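Asker: My questions concern the predicted model and sequence given below.
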Amino acid sequence: MTDTSREGGSTSGRAAADPGADPRARVELADLRRPEAPYLRACLGLDPGHVPMWIMRQAGRYLPEYRKLKESYDFLTLSSTPELLTEVTLQPLKRFPMDAAIVFADIMTPLHSMGFDIDFAPGPVIQNPFRGPADVGSLRTPEPEEIAPYLEEGLRSLAAELPPHQALIGFSGAPFTLFCYVVEGGGSKDFMTPRSLLRAEPEAAHTLLSALADTQVHYLRMQHRAGADALMIFDSWVGLLSESEYRHFAMPFVQRILDGLADVPAPVTYFPFGGGHLLDAVSELDVDVVGIDWRTPLSEASGRLGDGKAVQGNLDPAALFATPGILEAEASEVLREGAQAGSHVFNLGHGIDRRTDPDQVARLVDFVHGWGR
Ligand code: 1CP
């Protein structure tokens with residue numbers, strides 16, 4: 001079921017304070033640069049015409065053309081050179097009729113301007129991790145124009161190249177997930193060091209989480225200004241937290257970002273990976289779309305999130321390794337589940353695996369776009 005009652009739209013933005021307005025109408029269609037893009041319409045709960053789809057990590061190593069570029073350039077060069085990041089972002093759209101492009105960057109991209117020294121090997125490695133009160137002094141909240149100027153240039157060229165029906169997604173990490181990496185110094189299974197720091201040094205942790213939130217506000221606003229039609233916040237590690245920990249250490253800083261975006265007319269997706277147990281709390285966040293991993297059925301997620309939030313997801317990335325028959329059966333199940341939610345953007349439940357056969361992706365996109373026709 002889709003709600004078309006908001007089609008008229010006003011020129012007010014996300015912060016629209018018209019007391020008579022639909023409280024769900026954070027963003028009006030009339031404020032979008034690409035009002036016909038099915039992805040954006042689904043984000044706002046409007047009839048998209050077909051179930052729109054894109055795939056997390058759609059530009060990446062499963063594509064031979066990406067691997068070819070990687071022979072000549074490392075990840076940092078690819079993601080920090082406007083021409084190259086534009087080319088890589090568009091690679092999957094040249095092969096598949098995706099409904100959205102996601103800019104080729106990383107959740108670590110803005111951290112450099114906060115004073116963190118980051119390499120990719122291939123996961124992020126932070127040379128100067130934040131370990132406590134002694135590191136508060138060297139923490140910077142950068143000026144907006146200091147954050148990834150090459151990304152701004154890349155987004156401008158992407159926005160100019162994309163046709164009106166394909167949306168451009170900008171993104172950031174959520175404060176808790178970024179906190180995990182900058183305290184740990186890289187990836188981890190359980191992020192014990194950051195989770196201990198939350199208890200041992202609550203004030204320093206709070207200072208870092210606040211600085212991370214404020215930097216993401218600048219970073220996301222810049223991306224919208226440069227041409228991103230929609231924004232997404234990845235919270236990849238909140239699955240480690242109980243609901244009570246989530247409400248204390250993670251959720252307020254996500255809301256702090258959302259408050260900082262209140263006047264930005266772009267739908268916002270929040271993806272609490274592994275956060276099926278957190279959806280009651282997530283329902284209280286002021287977001288338009290919630291990303292769901294494959295462990296929670298979309299109808300259940302939507303029921304817990306309540307009216308007014310679209311869902312995104314949630315095919316298990318492993319389904320792309322199955323026979324075409326099984327792949328289509330699993331995709332149908334996701335589509336049936338999504339149809340029971342208010343509004344649905346099809347995606348995987350996490351990033352695509354680098355060993356995936358691109359022909360399977362082509363099959364999936366055709367199948368999703370043909371569904372219901
Ligand atoms: O060698 C390479 O190709 C580098 C691998 C790579 C890529 C392709 C990294 C290092 N980052 C990226 C791009 C990236 N990262 C995108 C691009 C847009 C897309 O096509 O989707 C996005 C959205 C991200 C987001 C990201 N980076 C997340 C959130 C999503 C998730 O996977 O949970 C996280 C946690 C990161 C950190 C990161 N960066 C790179 C890696 C390998 C990792 C994971 C590190 C770990 O193991 O914890």
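Answerer: Received the coordinates, thanks.

Asker: how about the residues of the stretch 1-150 of the chain near the ligand?
Answerer: 56-61, 75, 102, 104, 106-107, 120, 122-124 (C-beta under 6 Å from any ligand atom). Placement of C-beta: from N, CA and C, glycine included.

Asker: Name only those of those residues that count as buried.
Answerer: 56-60, 75, 102, 104, 106-107, 124 (16 or more other C-beta atoms under 10 Å).

Asker: going on from the longest helix belonging to the chain, what's the next piece of helix or strand?
Answerer: When the chain is scanned for its longest helix (criterion: DSSP state H), the result is helix 202-226. Downstream of helix 202-226, the next assigned helix or strand under DSSP states H and E is strand 230-235.

Asker: Average pLDDT for that following strand, rounded please.
Answerer: Across strand 230-235, pLDDT averages out at 98.

Asker: how about that strand, does it reach the ligand?
Answerer: Yes. Using C-beta under 6 Å from any ligand atom, strand 230-235 reaches the ligand at F234.

Asker: Alpha carbons of that strand, in PDB - could you do that?
Answerer: C-alpha atoms of strand 230-235 as PDB (Å, rounded to 0.1, in the frame of the first residue of the first chain):
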ATOM      1  CA  ALA A 230      19.100  11.000  -0.500                       C
ATOM      2  CA  LEU A 231      21.300  10.200   2.500                       C
ATOM      3  CA  MET A 232      22.100   7.000   4.300                       C
ATOM      4  CA  ILE A 233      23.600   6.400   7.800                       C
ATOM      5  CA  PHE A 234      25.300   3.000   8.300                       C
ATOM      6  CA  ASP A 235      25.300   1.700  11.800                       C
END
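
Asker: right, and the helix or strand after it?
Answerer: helix 243-245.

Asker: returning to that earlier point: farthest-apart pair in the residues of the stretch 1-150 of the chain next to the ligand, please.
Answerer: Q58 and P124 (20.0 Å; C-beta to C-beta).

Asker: Let's see which of the buried ones among the residues of the stretch 1-150 of the chain next to the ligand end up in strands.
Answerer: With DSSP state E as the criterion, strands contain 102, 124 from among those.

Asker: returning to what we had before: any residue of the longest helix of the chain up close to the ligand?
Answerer: No. Helix 202-226 stays clear of the ligand (C-beta under 6 Å from any ligand atom), getting no nearer than 12.1 Å.

Asker: for stretch 292-301, same thing?
Answerer: No. Judged by C-beta under 6 Å from any ligand atom, stretch 292-301 makes no contact with the ligand; its nearest approach is 9.7 Å.

Asker: Next, the residue in the stretch 201-350 of the chain positioned nearest to the ligand: phi, psi?
Answerer: Nearest residue of the stretch 201-350 of the chain to the ligand (C-beta to the nearest ligand atom) works out as S236 at 3.2 Å. S236 adopts backbone torsions of phi -70, psi -20, taken as degrees, to the nearest 10.

Asker: average pLDDT for stretch 43-57?
Answerer: 97.

Asker: Alpha carbons only: can I get it in PDB?
Answerer: Taking C-alpha atoms only, stretch 43-57 is exported to PDB below (Å, rounded to 0.1, in the frame of the first residue of the first chain):
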ATOM      1  CA  CYS A  43      11.600   6.500   0.400                       C
ATOM      2  CA  LEU A  44       8.700   9.000   0.900                       C
ATOM      3  CA  GLY A  45       6.000   6.400   0.900                       C
ATOM      4  CA  LEU A  46       4.700   7.400  -2.500                       C
ATOM      5  CA  ASP A  47       3.800   5.100  -5.400                       C
ATOM      6  CA  PRO A  48       7.100   4.400  -7.200                       C
ATOM      7  CA  GLY A  49       5.600   2.600 -10.200                       C
ATOM      8  CA  HIS A  50       7.800  -0.500  -9.600                       C
ATOM      9  CA  VAL A  51       9.700  -1.700  -6.500                       C
ATOM     10  CA  PRO A  52      13.000   0.200  -6.800                       C
ATOM     11  CA  MET A  53      16.300  -1.500  -6.000                       C
ATOM     12  CA  TRP A  54      20.000  -0.900  -5.500                       C
ATOM     13  CA  ILE A  55      22.600  -3.100  -3.900                       C
ATOM     14  CA  MET A  56      24.900  -2.200  -1.000                       C
ATOM     15  CA  ARG A  57      28.500  -2.300  -2.200                       C
END
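
Asker: So for that stretch, what gets flagged as buried?
Answerer: 43-46, 48, 50-57.

Asker: likewise stretch 247-267?
Answerer: Those would be 249-254, 256-258, 260-261, 264-267, for stretch 247-267 by 16+ other C-beta under 10 Å.

Asker: What of stretch 158-175?
Answerer: Buried residues in stretch 158-175 (16+ other C-beta under 10 Å): 158-159, 162, 165-175.

Asker: average pLDDT across it?
Answerer: On average, stretch 158-175 scores 98.

Asker: can it be found next to the ligand?
Answerer: Yes. Stretch 158-175 reaches the ligand (C-beta under 6 Å from any ligand atom) through F171.

Asker: Much appreciated, bye for now.
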